[in-house]
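Enquirer: model this:
(chains A and B)
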Amino acid sequence: MSTAIHIDNIRKKIGAREILKGVTFDVQTGDIFGYLGPNGAGKTTTIRIMLGLLQTDSGELNVLGQDIRLADTRMKIGFALDPDGLYNTMTAVENLKYYADIYNVSGSKVRIDKVLGLVRLADRSGDRVGTYSKGMRQRLSLARAMVHNPEVLILDEPTAGVDPTGQIEIREILLDIARVEKKTVLLSSHNLDEVQRICNRIALIDRGEIKLYGELADLRQKMGLSAIVVETKEGISDSVLEQLKTQKQLGLQDVRGSTLLFDSGEGAAEVSDIIGYLAGQGVKIEKVDRREASLEDLYATILKEVEPK
Amino acid sequence: MSYISTVMQAAIKTSLRLRSVVIVSMGVVFICVIGVAAIFATQFISPGVNTAIPDRSALENYFGLILFTTCFISIGIFASVNAFQSLTREKSRGNIQALLATPLAPHDIWLGKSLAVFLPGFILAVVMTIAIFLVLNFIYFIPKIGFFLTPWMLISNLVAVPLVYLALMLLVHEIGLAGKPATANVITQIFLPVMIALMINLVVHGVMNAGSWLFTVALVGLAVVISVFVLKLRSTLTVQKIILSQ
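Expert: I've put the predicted structure just below:
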């Protein structure tokens, strides 16, 4: 698998404020990459740099191995930005035709029909964009990003301001784009649920620094947020708890009232071993469950760690 | 060149579709042009042609002035309204940012947008100037002294005034793109009344004859001065500067 977007130690100062403080990550070909972070973290600045809209103060950036400042590189990138930059007085087809002309798309009519079908706007293609809902505008932005059949899509908050039904629709379209059209997608988002559902890798930025980066599944494991949850009927005595702590192979993580949390995943104890040990100690078990940490847990944990004291 | 033409065509299409803006600016142009032409014609042309021996130089001066104000108001009002639309709206709605993320260079956008604002105003100015020229000729000149025209009148109004506005549009788009659109809008709004007042005063006080070569040279000189500013500011038109000024 090759690298589609390579960002190495990028720094960017705007005015007196250092927006990016050495951002480094790679997006692999075929990834749906989630770029997460709170407001003001530096997401939009990174995206603008990736699109050649801002220059870096230092560091290295290339897209598909090429300098982003080259027109040829930009031909291979599709984008959706916030604000969307669509023309309200033009129809969807006219908006797409404008960009198809800029990208010099041959047979643009066929391509425009195809991308409008892909984003499910074929029936409203002749309407002026000023009459569109937010969700429809976002879908048209995706169509515009796709009109020249780029290899990489860079999307800034593609579901921002869209109602839940619209968000589901956009998620489905993004998955279609990535799987059927075989595009590499980088999307920035606040929507943790969305990122969790469609992205295979993420980077979390806060105050201009990457706090978390990698495969979502690995990160969950690494952060120790996945667990086997054992709810006991009456809690456990201090003496049993002390003994339990000495049983390192069981991997006790935490005790929350009458609930015990054990490590899960690779190398962790089997559920049957944990239950067997507890039962042997006379602990009455109410319920056993396996909890997968959500991205929200990761996000909250990381941001809590960097909270200023 | 094809990029500039693509941007220009799209910009003309979007601005002409804002019907209320087009109707209001055309209405203002018609009222101003007809009003000014009627006042000058009844005050100066009518008494001038009705004297025993008409003073051709004075007639040339006032007729030239009428044509100048007609052309300047037509192109000026239309251009200033559309420049405001083009710069302020497109910058705030992210249209410019989106275009800059494509293979377009800032100069393609700048030239395309400037021409899109200039060309409709130029066509309107040509139509209005020729219309006023013919109407005044048929009402006042042909019955008394015959068809009245000097080549400098034509060159001033069909070449020099458009050159001034082309340079001005390039300048305000440059300022509006790399800086604040509000600054560019103030320049276009102020330029029209200041220039009209200045030229009328120069002509009425006998400094220049509005139908003479000197008037044409003065206008071309003004276009050159504005163009020098355009060239000086050209280096400010970078992608980053445009984005950060949003």
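
Enquirer: contact partners of stretch B:41-56?
Expert: Stretch B:41-56 is touched from outside by B:A58, B:L59, B:Y62, B:F63, B:I66, B:L136, B:I139, B:Y140, B:F141, B:K144, B:I145, with contacts defined as CB atoms under 8 Å, 6 or more residues apart in numbering or on different chains. For glycine as for every other residue, the C-beta is placed from the backbone atoms N, C-alpha and C.

Enquirer: ends of that stretch, how far apart?
Expert: 15 Å (CA to CA, to the nearest Å).

Enquirer: Kindly report the same for stretch A:142-153.
Expert: With CA to CA as the measure, the first residue of stretch A:142-153 is 9 Å from its last.

Enquirer: So what's the gap between that stretch and the chain middle?
Expert: Remark: stretch A:142-153 is offset 19 Å from the chain centroid, using CA atoms, centre = their mean, to the nearest Å.

Enquirer: Contact partners for B:V127?
Expert: By CB under 8 Å, 6+ apart, no residues touch B:V127.

Enquirer: what's the helix or strand for it?
Expert: Using DSSP states H and E, the secondary-structure element containing B:V127 is helix B:106-136.

Enquirer: What residues sit buried inside that helix?
Expert: Along helix B:106-136, the positions that meet the burial threshold by neighbour count (16 or more other CB atoms under 10 Å in any protein chain shown) are B:106, B:108-122, B:124-126, B:128-130, B:132-133, B:136.

Enquirer: all helices of the chain, in order?
Expert: Chain wasn't specified; assuming chain A. A:43-50, A:71-74, A:92-102, A:108-118, A:134-146, A:164-179, A:192-198, A:216-222, A:238-246, A:271-280, A:295-305 (DSSP state H).

Enquirer: meant chain B actually
Expert: With DSSP H applied, chain B shows helices at B:2-17, B:19-40, B:46-49, B:56-84, B:90-92, B:95-100, B:106-136, B:142-144, B:151-155, B:161-178, B:181-204, B:213-233, B:239-244, listed in chain order.

Enquirer: residues of the third one that come out buried?
Expert: Pointing back at helix B:46-49 there. Under the neighbour-count criterion of 16+ other CB under 10 Å, helix B:46-49 has B:G48, B:V49 buried.

Enquirer: Let's see the pLDDT reported for the residue of the stretch 1-150 of chain A found nearest chain B.
Expert: Using CB to the nearest CB, the point where the stretch 1-150 of chain A gets nearest to chain B is A:G85, with a distance of 3.0 Å. At A:G85 the predicted local confidence, pLDDT, stands at 93.

Enquirer: do the same with A:L121
Expert: In this prediction, A:L121 has a pLDDT value of 93.

Enquirer: just B:N50 next, same as before
Expert: Predicted confidence (pLDDT) for B:N50: 84.

Enquirer: cool, A:V306 as well?
Expert: 56.

Enquirer: Now the residue located most distally from the centre of chain B: phi and psi?
Expert: Relative to the average C-alpha location in chain B, and by CA atoms, centre = their mean, no residue lies farther out than B:A52, which sits at 37.2 Å. Its backbone dihedrals place B:A52 at phi -60, psi -50, with angles given as degrees, to the nearest 10.

Enquirer: how much space is there between it and B:I45?
Expert: In this structure, B:A52 lies at 16 Å from B:I45, with CB to CB, to the nearest Å as the measure.

Enquirer: Can you give me the neighbour number for whichever residue of chain B sits closest to chain A?
Expert: Per CB to the nearest CB, the residue of chain B with the smallest distance to chain A is B:A98, at 3.0 Å. In terms of burial, B:A98 registers 24 neighbours under the definition other CB atoms under 10 Å in any protein chain shown.

Enquirer: Run through the residues that contact the closest residue to it other than its chain neighbours.
Expert: Leaving aside its chain neighbours, B:A98 sits nearest to A:G85 (3.0 Å; criterion: CB to CB, 6 or more residues apart in numbering or on different chains). Taking CB under 8 Å, 6+ apart as the criterion, A:G85 is in contact with B:R93, B:G94, B:N95, B:I96, B:Q97, B:A98, B:L99.

Enquirer: Spell out which residues sit in contact with the closest residue in space to the last one that isn't next to it in sequence, please.
Expert: Counting by CB to CB, 6+ apart, B:L99 lies nearest to B:I109, which is 5.4 Å off, once chain neighbours are set aside. Residues near B:I109 by CB under 8 Å, 6+ apart: B:V7, B:I96, B:L99, B:L100, B:L177.

Enquirer: B:N209: which of those is nearest?
Expert: Here the nearest of these to B:N209, counting by CB to CB, is B:L177; it sits at 38.7 Å.
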